[in-house]
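Enquirer: what follows is a predicted protein model with its sequence.
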Amino acid sequence: MGTGVSLAAALAALLLAGVTGCKSQANAGGATDQGAAAASGQNGPAKDANGVPVGAAASPADALKAAQASGGPQPDDNAPPAAQTGGIDGHRALELVAKQLAYGPRPASSPALKELQSFLKTELTGYGCKLDVDDFQVDTPVGHRTMENILVKIPGDKPGIILLATHYDTATVPGFVGAFDGASSTAIMLEIARNLCPHPGKYQVWIAFFDGEEAQNNGQWSNEDSVYGSRELSARMANSGDLPKVKALLLADLVGGKTAHYKRDTASTQSLVELVWRVAARLGYTDVFVNDISTMGGDDDFPFLNRKVPAIDVFDFDTVNDAPYWHNLHGEDTLDKISARVLAVTGHVFLESVKELQAK
């Protein structure tokens, strides 16, 4: 980046210290953390000046501490107690966002994304979740890619599937780390999994972590070059006979921002929009789930909608007022844009919406 680097981008650079060399070191066959430690003369993971592990070695808590210690603009870490948000811990979700950003940019098939995949699978297994991992091959406008969907499957007593989803890859834009676009929704789904995996309900709950949502051709979105993971899962479920069992798909994308205003998506199944917005109003979150309308024009719900699956996409696509940093070329979609409260609010509404669907 040139001389016009913003404070937010500088914060991202500090947060990612010890990680920006991840791809080159991985390609050279060296372990990123060992290389950083060797360079500093230490044994073990790289640490910042305060002794906090940084980069891919950092725990979610340490990743957030490193960001908060770096100075500059900060995220809003003012989350209500988890007991007030249905068990969704907004502070913990913010830590999980910071952890993802510590890997640096994470486009499909990149070494950084492979590291994140390992973390996600370890984290989810630690919650007691059962995983169905699908490695699949795709041809893109910029060549062949290997991608990986991670699917949590929580059993149920009766036929029927409630499907939740996020994507965890980042845009193919230089310096783009996707705090708002990818990491926040992934952190929320991790928190939902932590709450739901130990407690099966009437219907199965599946939580999909999609790879390849972003266009591979330098961010130039098209129907053919996007949503690879959701196209893969929808086709796979159609072939297995599971697709007709899906009662609802609840997708989160572009969430968790400090100034979040989720508008009713006109492309979503309107009965689900009514359900989710009713839940949000009951919980007192009308400042976030507002009664305006919007549409995105394409997301991971579309392959399911096209196959007649009821689906809702929850997002904030106001890129003028709420998220002017979305997909910009200055690396500004960084941790300081995120609110722990909004993460908790979003997760709470999704969790309570699942409960309402379970009661039907």
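Expert: Nice, thanks for sending it over.
Enquirer: next one: phi and psi at residue 229?
Expert: phi -70, psi -40 (degrees, to the nearest 10).
Enquirer: start the count at 49 instead of 1 going forward.
Expert: Will do, 49 is the new start, and the previous item becomes residue 277.
Enquirer: please tell me how far the residue lying closest to it once chain neighbours are set aside sits from residue 351.
Expert: Distances taken as Cβ to Cβ, 6 or more residues apart in numbering place residue 258 nearest to residue 277, at 3.2 Å, with adjacent residues excluded. The C-beta positions use only the backbone N, C-alpha and C, and glycine is treated the same way. Per Cβ to Cβ, to the nearest Å, residue 258 is found 10 Å from residue 351.
Enquirer: can you check residue 163 too?
Expert: 27 Å.
Enquirer: residue 385 too?
Expert: 28 Å.
Enquirer: which one of the two is surrounded by more residues?
Expert: residue 385 (25 against 22; other Cβ atoms under 10 Å).
Enquirer: distance check, that one against residue 209.
Expert: Residue 385 is 33 Å from residue 209, by Cβ to Cβ.
Enquirer: show me what the longest helix belonging to the chain is packed up against.
Expert: For the chain, the longest helix by residue count, based on DSSP state H, is helix 388-406. Applying 3 or more Cβ pairs under 8 Å, 6 or more residues apart in numbering; DSSP states H and E, one finds that helix 388-406 makes contact with helix 138-149, strand 204-215, helix 232-244, strand 249-258, strand 294-300, helix 318-331, strand 359-362.
Enquirer: among these, which comes closest to residue 195?
Expert: strand 249-258 (8.8 Å; Cβ to Cβ).
Enquirer: least trustworthy helix or strand in this structure by mean pLDDT?
Expert: helix 70-75 (a mean of 29; mean pLDDT, DSSP states H and E).
Enquirer: what segments of the stretch 49-198 of the chain are strands?
Expert: Secondary structure of the stretch 49-198 of the chain, counting by DSSP state E, counting those that start in this stretch: strands at 179-188, 191-202.
Enquirer: of the ones you listed, which stretch is the most buried?
Expert: strand 191-202 (a mean of 19; mean count of other Cβ atoms under 10 Å).
Enquirer: average pLDDT across that strand?
Expert: Strand 191-202 shows an average pLDDT of 97 in the prediction.
Enquirer: repeat that for stretch 387-401.
Expert: The model assigns stretch 387-401 a mean pLDDT of 98.
Enquirer: stretch 138-147 too?
Expert: Stretch 138-147 comes out at a mean pLDDT of 98.
Enquirer: touching that stretch from outside, list them.
Expert: 63, 106-109, 111-112, 114-115, 123, 125, 127-128, 130, 167, 227, 231-232, 234-236, 238-239, 304, 383, 386, 388-393, 395 (Cβ atoms under 8 Å, 6 or more residues apart in numbering).
Enquirer: which among the residues you listed end up buried?
Expert: 63, 106, 108-109, 111-112, 114-115, 123, 127-128, 130, 167, 227, 231-232, 234-236, 238-239, 304, 383, 386, 388-393, 395 (16 or more other Cβ atoms under 10 Å).
Enquirer: before we move on, the earlier item: list residues touching both of residue 258 and residue 351?
Expert: 275, 278, 281.
Enquirer: closest one of those residues to residue 325?
Expert: Looking across these and measuring by Cβ to Cβ, the closest to residue 325 is residue 278, at 23.1 Å.
Enquirer: separation between the closest residue to residue 300 other than its chain neighbours and residue 105?
Expert: Among residues not flanking residue 300 along the chain, residue 233 sits closest, at 4.0 Å (Cβ to Cβ, 6+ apart). Note on residue 233: its distance to residue 105, by Cβ to Cβ, is 25 Å.
Enquirer: could you check which of the two has the larger neighbour count?
Expert: Between residue 233 and residue 105, counted using other Cβ under 10 Å, residue 233 has the larger neighbour count: 31 against 21.
Enquirer: who are the neighbours in contact with the more buried one?
Expert: For residue 233, the contact set (Cβ under 8 Å, 6+ apart) comprises 214-215, 300-304.
Enquirer: nearest to residue 187, of the helices and strands packed on helix 388-406?
Expert: strand 249-258 (17.9 Å).
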